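Engineer: show me how the following folds:
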Amino acid sequence: MDNLSFIRDTMERASAFTAVPGWGGMAMGLSAVIGAFVSGRATSPRAWVVTWLGVAAIASAIGVVTMTAKARREEGAVLTSKARRFFLGYLPPVAVGGLLTLVLVRHELYGALAGTWLLLYGTGLVTGGAFSVRVVPIMGACFILLGAVALFTPPSLASFWMGLGFGGLHLVFGFLIARRYGG
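Structural biologist: Residues are numbered from 1 along each chain as shown. Purely as a prediction, here's the structure:
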């Protein structure tokens, strides 16, 4: 029995976390496209931030619901060791993004927010995606590239970069994930 348990644990560790939701990713992307449209008309930097924090809350809820549904459908459980490894890589950069958001807003450095968010979200996808299907870290690398560009462009383009990254990349990669790895 110990040998079977060891073999099962080894095989589970070797497999990829596949519960990343494709259709859910597309829904997240759609919410970001709407967010880019709304935030582009924000009357103040704080309104811009509030808009994107709202989009992040909506997208997070979509991600949790669709990932949970896909995990139950494919793996029978939500918090498998594969899922825990994914989240251990994904969550630290996202948490750092939250902390840096507080600091940047406090010092009114709004122009650095879009690039910072794109970079850290991409980092989370690369690190968490190391335990997922290959397309997830590739998507993360695309977010990092956009974030780096966004840091060196005028702040007036922030909504464009956010829409392109959180909207466009989620739509494209969500479609690829849905087609190749199931909804």
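Engineer: please, which helix or strand holds the residue nearest the centre of the chain?
Structural biologist: In the chain, the C-alpha nearest the mean C-alpha coordinate belongs to Y121, at 5.4 Å (CA atoms, centre = their mean). When elements are assigned from DSSP states H and E, Y121 belongs to helix 113-129.
Engineer: mind giving me the packing neighbours of that helix?
Structural biologist: helix 45-75, helix 81-106, helix 135-151, helix 158-162 (3 or more CB pairs under 8 Å, 6 or more residues apart in numbering; DSSP states H and E). The way it works is simple: take the backbone N, C-alpha and C, and place the C-beta from them, glycine included.
Engineer: so which of those helices is the most surrounded?
Structural biologist: helix 158-162 (a mean of 22; mean count of other CB atoms under 10 Å).
Engineer: between the helix or strand following that one and helix 113-129, how many degrees?
Structural biologist: Using DSSP H and E, the helix or strand that follows helix 158-162 in sequence is helix 170-181. Here the directions of helix 170-181 and helix 113-129 differ by 10 degrees (axes from the mean of the first three to the mean of the last three CA atoms, to 10 degrees).
Engineer: buried residues in helix 170-181?
Structural biologist: For helix 170-181, a neighbour-count test (16 or more other CB atoms under 10 Å) marks H170, L171, F173, G174, L176, I177, A178, Y181 as buried.
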